[in-house]
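J.: Return atomic coordinates for the entry below.
(2 chains)
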There are 2 protein chains.
Amino acid sequence: MEIILTVEWMKQVSRLARGEGRLSGLVPTMGALHEGHVSLIRAAQQECSPVTASIFVNPAQFAPGEDFERYPRRFDADAALLESLGVEYLFAPEAAELYPPGFSSYVKVEGLGSRLEGRSRPGHFRGVATVVLKLLEIVQPWRAYFGRKDAQQARIIQQLVRDFHLDAQIEVCPIVREADGLALSSRNAYLSPEDRRAATALHRALGAAQAALGRGERNPANLAAAMREVISAEPRAAADYVEVVRADTFEPATRLSGECYALLAVFFGTTRLLDNMLIVEAGGGFRCEI
Amino acid sequence: MEIILTVEWMKQVSRLARGEGRLSGLVPTMGALHEGHVSLIRAAQQECSPVTASIFVNPAQFAPGEDFERYPRRFDADAALLESLGVEYLFAPEAAELYPPGFSSYVKVEGLGSRLEGRSRPGHFRGVATVVLKLLEIVQPWRAYFGRKDAQQARIIQQLVRDFHLDAQIEVCPIVREADGLALSSRNAYLSPEDRRAATALHRALGAAQAALGRGERNPANLAAAMREVISAEPRAAADYVEVVRADTFEPATRLSGECYALLAVFFGTTRLLDNMLIVEAGGGFRCEI
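T.: Take a look at the predicted model:
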């Protein structure tokens, strides 16, 4: 595996792969890799060659007062893992390489980017959209892979790619969970043992919505209420938002149809965790992807 | 000349040219072509093949109440002119082709984009940056050509290209003027005969700054004052801004050094015209490009 630190060299490598007609894949990460990231790498390797992973803790997507400084960083272990997986290139620029003095251009996906996560974390999606556009321009992948745990982020990136006519295909991969249902996240490392146990409430809440759906409940407000009940019953949990939204706009679903997300953002102490379930209308009914 | 109406077809054509290793050039316009545009086409033809011109009156760069509706449109004459010049492709999408339903991503170049024109025309540069990024993605030119009359726009586009690591080179071409010095602009067509005569005040103001520079004046504030005097003496002119700024940041120049712009935005009736002069430190003195 080649570790690439500069934009210029990464562009050179990308240009070469492109010139050879290779179908390259990109897995952008902030490091602190877990099995969720591994699943993205594996998905990329199924379809692409070469595969580039990036590790970049993007300062622009952390709001003031968020956990940029303490976000887990373990570059050597991450690089060793990526190498063992057979990743061809690891793009790992310093912050000043992507945001040199004078840097001043930002992308904003309006509407989509202002709801839910966007409302709770002002500036977050502006930072995400900006860095992802940069990475797509630098690596020029045929496909780029994102996890469905950050469903709103993935949707915003799809919109960005569409709006700027980029060639990259955005692939959204299933959530990877611990045995007890907790969705993998680098931020799980922040949890105390008590909060770690309590954090299964996210998955249990989704299960409650799924069960209600199974009983014939079709009112999005009632599905959200079923999730809220589980979160309220967990004394260590404090809900930020618990919603059922349309998967295209992330606006509140007034009725179930097409594709919807049941979405949660919940605090355990100072750690904020996300989870979601995709609800897909199919064959006269609905199936859930948790 | 092939007239291309859709993004998909333009991308196809661009991909082909790129795949053949051709050095393609792009001249983005809003139509109502004049000799300034012709000079951009000629510059592109000197260096590039194929040359693509675009005609797109970009709704996103007009603030509410501006002249989007009445902006001069004469597609057939423009297309005939481009064909006679030997342009290979004319990209002329409808507004809904570049801004389909659901479109929601915008680029903003902060700092640079908020001064001068950005302050006078809120949202203008956000619209410019957004459409230029789209055009660069669609046409993938080796070089793209812009006129120096819109100096701040050209600088913003250079920053955009740098910040998103695009491959396109941005070429900024000299201002083309009428015999009496008025810089060519599609908006000159709005001028009454009286305002047309008065509008030479822009060029005369730049001449006054140049003359002051020739007399040894080095204080940017005094150069700006010399320009303002000319504008004030013209009863049909109402200055929006008259400034000497640094060419890299468009912040007010506190002293002359490196490259600076003497910049004006002046109303004649409801028509707002721009002009500028580049002041370049060279060989212990300063030379002017009007």
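
J.: Could I get the full set of helices for chain A?
T.: Ranges of helices in chain A, per DSSP state H, are A:7-19, A:35-47, A:75-85, A:95-98, A:117-120, A:124-139, A:151-163, A:193-198, A:201-214, A:220-232.

J.: ok, and what's touching the fourth one?
T.: The set of residues external to helix A:95-98 that reach it, using C-beta atoms under 8 Å, 6 or more residues apart in numbering or on different chains, is A:5-7, A:56-59, A:131, A:134. In short, each C-beta sits where N, CA and C put it, glycine included.

J.: what's the answer for the third one, then?
T.: Here helix A:75-85 makes contact (C-beta under 8 Å, 6+ apart) with A:1, A:3, A:29, A:31-33, A:38, A:41-42, A:45, A:53, A:55, A:90, A:92.

J.: change it to 6 Å
T.: For helix A:75-85, contacts defined as C-beta atoms under 6 Å, 6 or more residues apart in numbering or on different chains pick out A:1, A:31, A:33, A:41, A:53, A:55, A:90.

J.: a markdown table please, covering these and showing neighbour count, distance to chain B and pLDDT.
T.: Formatted as a markdown table, these follow (neighbours: other C-beta atoms under 10 Å in any protein chain shown; distance: C-beta to the nearest C-beta, whole Å; pLDDT from 0 to 100):
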| residue | neighbour count | distance to chain B | pLDDT |
| --- | --- | --- | --- |
| A:Met1 | 17 | 22 | 98 |
| A:Gly31 | 21 | 21 | 98 |
| A:Leu33 | 25 | 25 | 98 |
| A:Ile41 | 21 | 24 | 98 |
| A:Ala53 | 28 | 18 | 98 |
| A:Ile55 | 23 | 18 | 98 |
| A:Leu90 | 21 | 18 | 98 |
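
J.: which of those lies closest to B:Ala226?
T.: Checking the contacts of helix A:75-85 against B:Ala226 with C-beta to C-beta, the nearest one is A:Ile55 at 54.9 Å.

J.: now the closest one, which residues is it bridged with?
T.: A:Thr29 (DSSP bridges).

J.: which strands and helices sit next to the longest strand seen in chain A?
T.: Longest strand in chain A, counting residues (DSSP state E): strand A:271-282. Applying 3 or more C-beta pairs under 6 Å, 6 or more residues apart in numbering or on different chains; DSSP states H and E, one finds that strand A:271-282 makes contact with strand A:259-268, strand A:285-289.

J.: Return the most buried member of these.
T.: strand A:259-268 (a mean of 22; mean count of other C-beta atoms under 10 Å in any protein chain shown).

J.: mean confidence for that one?
T.: The predicted model assigns strand A:259-268 a mean pLDDT of 98.

J.: Can I get that strand in CSV? Just the C-alpha atoms.
T.: This file holds the C-alpha atoms of strand A:259-268, laid out as CSV (Å, rounded to 0.1, in the frame of the first residue of the first chain):
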residue,chain,number,x,y,z
GLU,A,259,-38.6,5.0,0.9
CYS,A,260,-38.5,6.5,4.4
TYR,A,261,-36.0,6.6,7.2
ALA,A,262,-36.7,6.1,10.9
LEU,A,263,-33.9,8.2,12.3
LEU,A,264,-32.5,8.9,15.8
ALA,A,265,-29.8,11.1,17.3
VAL,A,266,-29.4,10.4,21.0
PHE,A,267,-27.0,11.6,23.7
PHE,A,268,-25.4,9.3,26.2
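
J.: May I see the helices and strands packed on strand A:271-282 arranged in TSV, with distance to chain B as well?
T.: Compiled in TSV, those are given as follows (distance: least, C-beta to the nearest C-beta, whole Å):
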stretch	distance to chain B
strand A:259-268	15
strand A:285-289	23
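
J.: which one of those lies closest to B:Arg218?
T.: With distances scored as C-beta to C-beta, the stretch of those nearest to B:Arg218 is strand A:259-268 (58.2 Å).

J.: could I get the longest strand of chain A in CSV with only the CA atoms?
T.: Extracted in CSV, the C-alpha atoms of strand A:271-282 (Å, rounded to 0.1, in the frame of the first residue of the first chain):
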residue,chain,number,x,y,z
THR,A,271,-21.5,11.3,23.3
ARG,A,272,-24.0,11.8,20.5
LEU,A,273,-24.9,8.7,18.5
LEU,A,274,-26.9,8.2,15.4
ASP,A,275,-28.9,5.2,14.1
ASN,A,276,-31.5,4.6,11.5
MET,A,277,-33.7,2.1,9.7
LEU,A,278,-34.6,2.2,6.0
ILE,A,279,-38.3,1.5,5.4
VAL,A,280,-39.1,0.5,1.8
GLU,A,281,-42.5,0.1,0.3
ALA,A,282,-42.5,-3.2,-1.5
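
J.: where does the closest residue to chain B within the stretch 1-150 of chain A land on pLDDT?
T.: Across the stretch 1-150 of chain A, the shortest distance to chain B (C-beta to the nearest C-beta) belongs to A:Ser105, at 3.7 Å. What the model reports for A:Ser105 is a pLDDT of 98.

J.: swap in A:Pro64?
T.: Per-residue pLDDT puts A:Pro64 at 88.

J.: Near it, how many other residues are there?
T.: A:Pro64 is flanked by 7 other residues according to other C-beta atoms under 10 Å in any protein chain shown.

J.: Chain B next: which of the contacts of helix A:95-98 are close?
T.: A:7, A:134 (C-beta under 6 Å from any C-beta of the partner chain).

J.: With neighbour count added, can I get the contacts of helix A:95-98 in JSON lines?
T.: Converted to JSON lines, the contacts of helix A:95-98 look like this (neighbours: other C-beta atoms under 10 Å in any protein chain shown):
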{"residue": "A:Leu5", "neighbour count": "13"}
{"residue": "A:Thr6", "neighbour count": "13"}
{"residue": "A:Val7", "neighbour count": "18"}
{"residue": "A:Phe56", "neighbour count": "19"}
{"residue": "A:Val57", "neighbour count": "18"}
{"residue": "A:Asn58", "neighbour count": "21"}
{"residue": "A:Pro59", "neighbour count": "14"}
{"residue": "A:Val131", "neighbour count": "22"}
{"residue": "A:Lys134", "neighbour count": "24"}
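
J.: picking up where we left off before, could you pull out the buried residues of the longest strand of chain A?
T.: By neighbour count on 16 or more other C-beta atoms under 10 Å in any protein chain shown, the buried set for strand A:271-282 is A:271-279.
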